[in-house]
Every structure is written in C-alpha cells, then in structure tokens.
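> Here is the input, now give the coordinates:
(2 chains)
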Protein chains: 2
Amino acid sequence: MSGVPYDDRGLLLGDGLFETVLARDGALVLWPEHLARMTAGCELMGLPAPDPGAALAACERAVSLRSSDRRLAVRLTLTAGSGGRGLDRPAAPETRLFATAAPAAMTTEPAELVTVSVRRNAGSPASRLKTLSYLDNVLARREAGAAEALMLNTRGEVACAAAANLFWFCGDRLQTPALTCGVLEGVMRGQVLRAAASLGVAVEEVSVGIEALAEATGLFLTNSLIGVRPVSRLDGRPVDDHSDVARLRAAVALVS
Amino acid sequence: MSGVPYDDRGLLLGDGLFETVLARDGALVLWPEHLARMTAGCELMGLPAPDPGAALAACERAVSLRSSDRRLAVRLTLTAGSGGRGLDRPAAPETRLFATAAPAAMTTEPAELVTVSVRRNAGSPASRLKTLSYLDNVLARREAGAAEALMLNTRGEVACAAAANLFWFCGDRLQTPALTCGVLEGVMRGQVLRAAASLGVAVEEVSVGIEALAEATGLFLTNSLIGVRPVSRLDGRPVDDHSDVARLRAAVALVS
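Numbers count the residues shown, from 1 in each chain, chains lettered A, B, ... in the order given. Sure, this is the predicted structure:
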C-alpha cells in the first residue's frame, strides 16, 4: 500500500518524528547528523530507534525517484506505528518508516520576520523535537502570512521561526536561543555553532525577551534546506547587517 | 486504498482534528455536539468544515462494521488533506475524512490521578482543540503510568487530564478550569455544566493553581466515553467524595 493505515499513531495522534534532509546532486547532506537526531528523539519519546540501514534506504529510494532534480528536500517520517485505541501505545510499538522527496529551490532573498501570537510550549519535551505534532508551527506560519513567523515561548522568551532556528549578533557576539527555550536542536544550528567556533566568533546560547532583538544586527535563520538566510526586517523595522554573517554562510556552505 | 497517502498533512504535521464519539447499541451519542465542535475547530484552524452528511455516514459505516459490540468508541478524523512540501497549506485545502470504531468497555472503578511534568500550552489555540497534534497528551499519559495524568498549563494552572476534563467541589460549588486555561471544550464537560445548572448546583469556571485542589472534594473526570468518573486519589492522597457527584453522574447518564 502506498500510504499508512487508519490505525497509525502518527496519523491519529501525531505520535512520531521526522527529519528534513537536503539532497544535492543525489547525495544526502549531513545524513549522520539527521539520523543521530531522530535516534535521540526516539529515545526521549520512548520509541525504538530507527534501523539505520532502513532509514538510509528509504531516503535514497525517494531521491532516486526524483533524479532529474538537483536539489531535493527529503522528508523522512517515523511514526509510533499501529496501536490500539486511545493514548496508550502498545507494549512493544512497531514503528513505521517512510520517505518522500520534493524539489527544494534555493532561497536567495532575505526573509522578513514578524512576531506571531502562537507560542512554543516551554513545558513540553516535544518542543525540542521534530515531531509529527507540528500544528503550532503550521498555525504560526499561517499567522505570519507572506513573512516568516518569529515564535516566542510560553515564558515570553525568543525561541525560533516556525521552521528555522534564529541567530543574531549582540555587538560582536553571536547569540541564539538556548535549547531550554523550547527550540529544536537544528542540524544547521549545530553547524553554525561549530563554524563560529572555528572562525573565532564568540557564541552565546541565551534566554532573552523580544526586547533583546531591538539592538541586534545580522539576524539570520537556519535550517537544513536554506542553510543561513539573512533577515532583512523584524516586525517592519529594518535589521542592520553584520559582516560575520557572510563568513558563517560561506563556512556552512562548505560543510553542507 | 484503506489508508491515507504519504503526503497527507494530518500524517506529516498533525494538521487536522478528531472526535471520539460513543456509540451505544448502534446509535451515536451526542452526535450534533461532536459535529458542531469539529466544525468550530475547523473555522479556528482555517480549514473547510466537514460535510455533515459525509461525517455522519463515515461514523455510521464504522459502527455497522462492529455490530456485535454494544458499546463502541467511534473515532472521526479530519485531516487538512494532501498538501505541498513544508508548513504552508495549499491555497484551497481539500480535507480528508475517515472514521473507525473499537470496543469501549465501560470504566467502573474510580481513577487515580497524578500530576505530570508535561504542560498544556496556554499560548496556542490548539490546546483548546481536539487536534491531530496530540503528542503532549501521549507523553503525559506515558509519564502517569497506570494512573491518569493531571496536566497543569504553562502558567502553572490546573488544566485537565490527558484525555478528560476535570471537575471538583469547593464547598458546595462545582469548579472546573476555564477554557482560557488551555483545555478542550469537552462535549461531556458541557453536559455536566448544563446538568449542574438544572440541578441547582452552583458552577464556577476558574483559573487556579494545584494548591486549590488540596481542600477539594468530589473530584471527577469527564469525557464522552467514561461520562463522569470519580477520582479516588490525587498524587497519592485520598480524595473525599461529594454527594452531588452521584446526582451529576445520573443526570448526564440520562442525556448521554
């Protein structure tokens, strides 16, 4: 069957995880990092880890079906599998794994960011995972319209965009929300943190309110598909550039 | 196909809604209330409302396949349908609707309730809807083990159980968390509120911390399958009964 059955817990309850992996010229980019994150997420959620060979094979098969596209977004989905009625999982859940691929054009223009009302749940471990319960992100994107959505968490701290991590400069220090703010531990976020360290840029993971962004420069978004994407406006106000953004962008382009 | 395709947004992103309806001796209980709630949820989420005839037909078909069971839990699921890559819905989403049914034994013994660490997101409209992004509830149930999970919201206020609303008595006043606490507007919650009014029991919808339950009596849970289910222990402490619980239980049994 080319789909999932009606009793799948991912479908019924959002009980599962996913990864969005860039494939460039047929090759999966940063695959070990994506697999490691899904594996860690399964452990946190009490699900069996994905079989590494099966996960890779599913992604490669999805890519092979789209061989004419040079740049693909590969979506790998793991559900908690078929389960009885209600919230309780079966005693031994058998996860379900599948992958699809779609063309992913490179985004070149900078983003506009607007603060939305939907908050990240700082009181749930799920807010740090890439889960199938992604409705808050859908609603945040919807509220932002043509712009990208800046989400605060339930404590009022700056968290992330609906589908990207957020960085900015405070003077010459690169800052990004700490994972405890309820943000996804993005694969590209990790690459930027490492690139900054190797370039000698000071980095701080912070828990701050939106007012901390008033003086920020060099705001940018990161995820596996866009890499580093500068933000030109925040809530209508122009954001000044910072010279280190281009250096970081070049550095992660080399590794991704 | 007896399932949903891999590009379904309910499956991929938890973008959709559901209802759990009791069927007794083949008849759907409180069907108009369930349909009205799903319709209102669709409006809040920006999705087209379910076709009433199609929704009823799906539920009745699911019930007819289980005609030997006198008491069924009918699960009606509406997804945002197939959609392009990423968070953005298609310009005109075509929702997908299906229903399944499973035996639902009546629960007769009282519940034990334990407070869990997973919080309801008071900063998202989704916390007041029965959405396919139900992972926080799954994780709350999991944390509670054999007991039922008492969830606070991100402001620390008492909210609900993982799959039930919560009521208690403060003296002779019946109290339940206000919808603004991030709780589902339960169909059975509504029935209890109406029953209390008709019995002359004073009702208050409140926003209170867990300390408010220290002196509470007659704690009980409600949902469409269990009706009114008394709670015997809260975090290990015995909960005193209140004579009005049995009256409310009898009253909603007549209407449900």
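> So is the lengthiest helix in chain A next to chain B?
For chain A, the helix with the greatest residue count under DSSP state H is helix A:31-45. Yes. Helix A:31-45 is in contact with chain B by C-beta under 8 Å from any C-beta of the partner chain, via A:Met45. Where C-beta positions appear, they are placed from N, C-alpha and C, glycine not excepted.
> Just the buried positions in that helix, please.
Neighbour-count burial for helix A:31-45, counted by 16 or more other C-beta atoms under 10 Å in any protein chain shown, picks out A:Trp31, A:Glu33, A:His34, A:Leu35, A:Arg37, A:Met38, A:Thr39, A:Gly41, A:Cys42, A:Met45.
> helices and strands around that helix, which ones?
Identification of packing neighbours for helix A:31-45 by 3 or more C-beta pairs under 8 Å, 6 or more residues apart in numbering or on different chains; DSSP states H and E yields strand A:16-24, helix A:52-64, strand A:71-79, helix A:187-199.
> what would those look like in JSON lines with mean neighbour count, distance to chain B and mean pLDDT?
Below are the helices and strands packed on helix A:31-45 laid out as JSON lines (neighbours: other C-beta atoms under 10 Å in any protein chain shown; distance: least, C-beta to the nearest C-beta, whole Å; pLDDT from 0 to 100):
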{"stretch": "strand A:16-24", "mean neighbour count": "23", "distance to chain B": "7", "mean pLDDT": "97"}
{"stretch": "helix A:52-64", "mean neighbour count": "16", "distance to chain B": "10", "mean pLDDT": "98"}
{"stretch": "strand A:71-79", "mean neighbour count": "23", "distance to chain B": "6", "mean pLDDT": "97"}
{"stretch": "helix A:187-199", "mean neighbour count": "19", "distance to chain B": "16", "mean pLDDT": "96"}
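> Only the buried residues of the helix or strand bottoming out on mean pLDDT in chain A, if you could.
Counting by mean pLDDT, DSSP states H and E, the weakest-scoring helix or strand in chain A turns out to be helix A:243-255, with a mean of 89. The neighbour-count check on helix A:243-255 (16+ other C-beta under 10 Å) flags A:Asp244, A:Val245, A:Leu248, A:Arg249, A:Ala251, A:Val252 as buried.
> between the buried residues of helix A:31-45, which is closest to chain B?
Nearest to chain B among the buried residues of helix A:31-45: A:Met45, at 7.2 Å, using C-beta to the nearest C-beta.
> Look up the pLDDT of that closest one for me, please.
pLDDT recorded at A:Met45 is 96.
> where are the low-confidence patches of chain A?
Residues of chain A meeting the criterion pLDDT under 70: A:1, A:84, A:254-256.
> what about 90?
Judged by pLDDT under 90, chain A has its weakly predicted residues at A:1-2, A:67-69, A:83-86, A:105-108, A:253-256.
> just to revisit the earlier point, can you list the buried residues of helix A:243-255 in TSV and add distance to A:Gly156?
Putting these into TSV (distance: C-beta to C-beta, whole Å) gives the following:
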residue	distance to A:Gly156
A:Asp244	28
A:Val245	26
A:Leu248	28
A:Arg249	30
A:Ala251	32
A:Val252	30
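> Near A:Ala92, how many other residues are there?
Residues lying near A:Ala92 (other C-beta atoms under 10 Å in any protein chain shown) number 7.
> distance of the residue lying closest to A:Ser67 once chain neighbours are set aside from A:Ala101?
Of all residues not flanking A:Ser67 in the chain, A:Gly26 sits nearest, at 6.7 Å (C-beta to C-beta, 6 or more residues apart in numbering or on different chains). A:Gly26 sits 11 Å away from A:Ala101, going by C-beta to C-beta, to the nearest Å.
> and for the two, which residues touch both?
The contact sets of A:Gly26 and A:Ala101 overlap at A:Val63 (C-beta atoms under 8 Å, 6 or more residues apart in numbering or on different chains).
> Just grab the bridge partners of A:Phe169 for me.
On the basis of DSSP bridges, A:Phe169 is bridged to A:Leu174, A:Thr217.
> Might you report the residue contacts of it?
Applying C-beta under 8 Å, 6+ apart, the residues near A:Phe169 are A:Gln175, A:Ala216, A:Thr217, A:Gly218, A:His242, A:Asp244, A:Val245.
> same question, A:Thr39
A:Thr39 touches A:Ala49, A:Pro50, counting by C-beta under 8 Å, 6+ apart.
> looking at it, A:Arg61 is touching A:Leu97, isn't it?
No. Counting by C-beta atoms under 8 Å, A:Arg61 sits too far from A:Leu97 to count as a contact (11.4 Å).
> near chain B, which residues of the stretch 101-250 of chain A?
With C-beta under 8 Å from any C-beta as the criterion, the stretch 101-250 of chain A meets chain B at residues A:102, A:104, A:117-126, A:131-139, A:141-142, A:153-155, A:162-163.
> Take the residues you listed and keep only those in helices.
Short answer: these in helices (DSSP H) are A:Leu135, A:Asp136, A:Asn137, A:Val138, A:Leu139, A:Arg141, A:Arg142.
> can you count the residues close to A:Arg237?
A:Arg237: 8 neighbours (other C-beta under 10 Å).
> no, scratch that, I was asking about A:Asp7
16.
> Skipping its backbone neighbours, what lies nearest it in space?
Closest residue to A:Asp7 apart from its sequence neighbours, by C-beta to C-beta, 6+ apart: A:Ser82 at 4.6 Å.
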